[in-house]
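In: A predicted structure for the sequence below; I have some questions about it.
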Amino acid sequence: MSKPILVFDSGIGGLTILDEIRQALPNESYIYLFDNARLPYGELAEQELISGCVALITDFVQKQSVSMVVIACNTASTLILPSLRAVLNIPVVGVVPAIKPAALLSRNKHIGLLATPGTIKRAYTHELIDQFASGCSVELYASSELVMLAEQKAAGNPVTQQELAQILSPILESELDTLVLGCTHFPILKQEMQEYLGDRVSLLDSGKAVAARVLTLKLKTQQEWVLGKQDGEYSDVIRERVEQERKNTLHGTGLAYYTSEGIGQGLKKTLAKFGLSKSSRVSHSE
């Protein structure tokens, strides 16, 4: 059986990325690691975020054999990718805010980016805007509260329009027609946000783009393995074994690991909906 793909986030936001990846690669197995003991990441100092994430992920990868690491967190992706790639010998995929497609989609060239305070202030984010949305008016909205509302929903507690209004009212008052959801938590609330903002505002996230990148890397790895074989070595027998292995892989197989002392039944039910039927705690590396 092929090694699982590790999907990492601070909380449940990465489940939106996992869902898109699973749709592209339904026969893979997955491990979901979320650092909910330090949630929300958007409030952490840069070095604290980098050192904590790199220590946690590298320690986990040393104990669990995985084929790839997906950093399903915008805030972490803006900082930790170089450090992780320097110490891991497997592919590491990050998340990029959907600035480019938003700029292309916008009819009035007036877009917004809704993200955590950490993502909003990163130089990387502003470089993306300069590179891909220089012809647009771009408004920036920072919110850690929306992250916690997404966690609230995942725990089984409803989110009201009144709670959303406290965060989204400036966006509703704006003339923008396209809003980038620059945090993987936010698509958890996409339906509620769309109801509040109305059809005038299109909501974009990066889930499908990340899934496409993961699919490309997996296909490339498989192609390199085949091309690396000597003539005749990749025989019909091996082909049959590979096909049987693919068929035997459980659809949506996945395990979840968290860093807090424990999680509630509501969150366990949400994890199960995303194919993560078993969950347990891992020690958090400082």
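Out: Okay, I see it.

In: which phi and psi does residue 158 have?
Out: Here is the backbone geometry of residue 158 (degrees, to the nearest 10): phi -70, psi 150.

In: do the same with residue 256
Out: The phi/psi pair for residue 256 (degrees, to the nearest 10) is phi -120, psi 140.

In: where does residue 13 fall, phi/psi-wise?
Out: Dihedral angles (degrees, to the nearest 10) for residue 13: phi -60, psi -40.

In: quick one: it from residue 137, how far?
Out: 27 Å (Cβ to Cβ, to the nearest Å). Where you see a C-beta, it was placed from the backbone N, CA and C, and this is true even at glycine.

In: neighbour count winner among the two?
Out: residue 13 (30 against 14; other Cβ atoms under 10 Å).

In: In this structure that one contacts residue 186, no?
Out: Yes - under the criterion of Cβ atoms under 8 Å, residue 13 makes contact with residue 186 at 7.4 Å.

In: you'd agree residue 83 is up against residue 47?
Out: No - here residue 83 does not reach residue 47: they are 10.7 Å apart, not a contact under Cβ under 8 Å.

In: Which one's more surrounded, the two?
Out: residue 83 (16 against 9).

In: ok, and for the helix or strand harbouring the more buried one, which residues are buried?
Out: Under the criterion of DSSP states H and E, residue 83 resides in helix 81-87. Within helix 81-87, the residues scored as buried using 16 or more other Cβ atoms under 10 Å are 81, 83-84.

In: Give me the below-cutoff pLDDT ranges for the stretch 1-150 of the chain.
Out: Flagging of the stretch 1-150 of the chain using pLDDT under 70 yields the residue ranges 1.

In: Closest one to residue 192 out of the buried residues of helix 81-87, please.
Out: The closest of those to residue 192 turns out to be residue 81 (Cβ to Cβ; 30.7 Å).

In: contacting residues around the residue nearest to that closest one when sequence neighbours are not counted?
Out: Leaving out its chain neighbours, the residue that sits closest to residue 81 by Cβ to Cβ, 6 or more residues apart in numbering is residue 94, at 4.8 Å. Shown in contact with residue 94 (Cβ atoms under 8 Å, 6 or more residues apart in numbering): 70-71, 76-77, 81.

In: Off-centre distance for stretch 263-277?
Out: With Cα atoms, centre = their mean, to the nearest Å as the basis, stretch 263-277 stands 17 Å off its chain's centre.

In: What about the residue positioned nearest the centre of the chain? Give its phi and psi, please.
Out: Note on the chain: the residue nearest the mean C-alpha position is residue 72, at 2.3 Å, using Cα atoms, centre = their mean. When read as degrees, to the nearest 10, the backbone of residue 72 gives phi -90, psi 50.

In: For it, give me its contacts.
Out: By Cβ under 8 Å, 6+ apart, the contact list for residue 72 reads 7-9, 13-14, 16-18, 95, 184, 210.

In: same thing but 6 Å
Out: Contact analysis of residue 72 by Cβ atoms under 6 Å, 6 or more residues apart in numbering lists 7, 9, 14, 17, 184.

In: Mind jotting down where the strands sit in the stretch 101-250 of the chain?
Out: All strands of the stretch 101-250 of the chain, identified by DSSP state E, counting those that start in this stretch, fall at 110-115, 137-142, 178-181, 202-204.

In: Give me whichever of those strands is most buried.
Out: Stretch with highest mean neighbour count among the strands of the stretch 101-250 of the chain: strand 178-181 (a mean of 28; mean count of other Cβ atoms under 10 Å).

In: pLDDT score assigned to the residue lying closest to residue 165 once chain neighbours are set aside?
Out: Spatial nearest neighbour of residue 165, excluding adjacent residues (Cβ to Cβ, 6+ apart): residue 196 at 6.7 Å. Looking at residue 196, its pLDDT stands at 97.
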